[in-house]
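>>> here is a sequence together with a model predicted from it:
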Amino acid sequence: MSGVSHILWLPAVLYFIVGCVSLVQPEIIRALSRLLQRRSFLRAAGITCILLGAFFTAIRRYSQIPVFLSLLGALYIIGGMFYIVCAGIAGRLIDLWTELPTLYYRIYGLLLLGVSGILIYAAG
């Protein structure tokens, strides 16, 4: 494995932190999600998702599981485009997300912890 793949530790650690916060204090994630309801934040989130998707797609060849990183990159790029192009619909989906019970935020936290573990494995 190339030393380049170790850069995957950065998103893995960020996912781990957000996953832990989501498990322990789901209201913090709910409050952060409410910030996304603003149109300007939706555009910024969309651009960030597209950049993150490009990052995962570009680094996939240096990882142990390139298919996973390709899929993750594609999902981020599609999600980012959705945030930008369909901001109204995305805003309504975020409204629905912020109204969900805290159990869903905890499930989201578990999902992020799982993705974090996969990224650490992919880094080699």
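All right, it came through fine.
>>> can you tell me the SS state at Q37?
coil (DSSP: H, G, I helix; E, B strand; the rest coil).
>>> hmm, it is touching L93, no?
No: applying CB atoms under 8 Å, one finds Q37 not in contact with L93, separated by 10.1 Å. C-beta here means a position set from N, CA and C on the backbone, and glycine is covered the same way.
>>> name the element L103 belongs to?
helix 102-123 (DSSP states H and E).
>>> that helix packs against which elements?
helix 9-24, helix 26-35, helix 66-85 (3 or more CB pairs under 8 Å, 6 or more residues apart in numbering; DSSP states H and E).
>>> what comes up buried for that helix?
Neighbour-count burial for helix 102-123 flags 105-106, 108-109, 112-113, 115-116, 118-119, 122-123 (criterion: 16 or more other CB atoms under 10 Å).
>>> tell me the spacing between the nearest residue to I89 once chain neighbours are set aside and L75.
The shortest distance from I89 to any non-neighbouring residue, by CB to CB, 6 or more residues apart in numbering, is to F82 (7.8 Å). Distance of F82 to L75, computed by CB to CB, to the nearest Å: 10 Å.
>>> sorry, back to before: pick out whichever of the buried residues of helix 102-123 sits closest to V4.
A123 (9.7 Å; CB to CB).
>>> what residues are up against that closest one?
Applying CB atoms under 8 Å, 6 or more residues apart in numbering to A123 gives the contacts 1, 5-9, 12, 63-64.
>>> one more time with 7 Å
By CB atoms under 7 Å, 6 or more residues apart in numbering, A123 lies in contact with 5-6, 8-9, 12, 63.
>>> possible to save these as TSV with distance to F56?
Formatted as TSV, these follow (distance: CB to CB, whole Å):
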residue	distance to F56
S5	12
H6	15
L8	9
W9	14
A12	12
S63	9
